[in-house]
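**Student:** coordinates only, sequence not included:
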């Protein structure tokens, strides 16, 4: 049983009056804490929905980019909004986020290291985006594999990834991006009584991928176009 499920079970536990007083006191304390955890999670989910709506309205292209969630998008928007004079170029934005390459060559070895300067909150946001892409984005996985074959360390690969993501984020911040609508996909599927599993099997992806695509959590324009064409013909 996972931690989240254990908390929910504990929050609903019934404490018998005939139990030992000390056991009752301990169980009551644990139940109260579990109920608070459940309530805090509920509040967090509500706030995340509100935050998601705000950052999507502010910059739909940034929010729709792969692995950029409401919290990371909000932090990057805050960093950019608080430093408009430092958005002259994507290189300036990279420096602002602390992901500009710092020369660290020695002898005949030419290399760069991670920057320790810049906005650390923005740097952390880029780091989280890179981690998600390294674990679930095939293009990023292939890129990491190529860099490892070239002899680069994990730290060097992370530096390269964060620099590339900063370049991508700057484009979203400086140029309005029109995000193709996907709100027609779920109604179209449901109107034809097609389940997520059936659709996923036909397209050749996992059901969670279709679900995230329909809800706008995952942006994949090519997949959305393929999925829409299949639904229309189904």
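**Tutor:** Structure received. Bear in mind the structure is a predicted one, so any value in this text is a computation, not a measurement. Residues are numbered from 1 along each chain as shown.

**Student:** Residue 163 contacts residue 100, correct?
**Tutor:** Yes: shown here, residue 163 and residue 100 form a contact pair, counting by CB atoms under 8 Å, at 7.4 Å. Where C-beta positions appear, they are placed from N, C-alpha and C, glycine not excepted.

**Student:** hey, what's in contact with both of those two?
**Tutor:** Taking CB atoms under 8 Å, 6 or more residues apart in numbering as the criterion, residue 163 and residue 100 both touch residue 94.

**Student:** just checking, what packs against the lengthiest helix in the chain?
**Tutor:** For the chain, the longest helix by residue count, based on DSSP state H, is helix 21-58. Where contact means 3 or more CB pairs under 8 Å, 6 or more residues apart in numbering; DSSP states H and E, helix 21-58 is packed against helix 3-11, helix 60-64, helix 70-82.

**Student:** Give me whichever of these is most buried.
**Tutor:** Mean neighbours per residue, mean count of other CB atoms under 10 Å, is largest over the helices and strands packed on helix 21-58 for helix 60-64, with a mean of 21.

**Student:** I'd like the average pLDDT over whichever strand or helix holds residue 226.
**Tutor:** Per DSSP states H and E: residue 226 is located in helix 221-233. What helix 221-233 shows for mean pLDDT is 90.

**Student:** Show me what that helix is in contact with.
**Tutor:** In contact with helix 221-233 (CB under 8 Å, 6+ apart) are residues 180, 182, 184-185, 188-189, 192, 194, 199, 202-203, 205, 209-210, 213.

**Student:** about what we covered before: possible to save the helices and strands packed on helix 21-58 as a markdown table with mean pLDDT and distance to residue 230?
**Tutor:** A markdown table is the format used below for those (pLDDT from 0 to 100; distance: least, CB to CB, whole Å):
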| stretch | mean pLDDT | distance to residue 230 |
| --- | --- | --- |
| helix 3-11 | 88 | 35 |
| helix 60-64 | 88 | 22 |
| helix 70-82 | 92 | 30 |
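
**Student:** Tabulate those (CSV), appending distance to residue 23.
**Tutor:** Shown next, in CSV, are the helices and strands packed on helix 21-58 (distance: least, CB to CB, whole Å):
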stretch, distance to residue 23
helix 3-11, 14
helix 60-64, 49
helix 70-82, 40
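
**Student:** and of those helices, who's closest to residue 44?
**Tutor:** With CB to CB as the criterion, residue 44 lies closest to helix 70-82 of the helices and strands packed on helix 21-58, at 10.7 Å.

**Student:** what's the closest one packed up against?
**Tutor:** Using 3+ CB pairs under 8 Å, 6+ apart: helix 70-82 touches helix 21-58, helix 60-64, helix 120-136, helix 154-174.

**Student:** List of residues touching that helix?
**Tutor:** Helix 70-82 is contacted by residues 48, 51-52, 54-55, 58-59, 62-63, 68, 87, 93, 96-97, 119, 121-122, 124-126, 128-129, 169, 173 when judged by CB under 8 Å, 6+ apart.

**Student:** got any ranges where this protein has weak pLDDT?
**Tutor:** 1, 102-116 (pLDDT under 70).

**Student:** Outline the domain layout of it.
**Tutor:** Per automatic domain parsing, the structural domains of the chain span 3-55, 59-174, 185-233.
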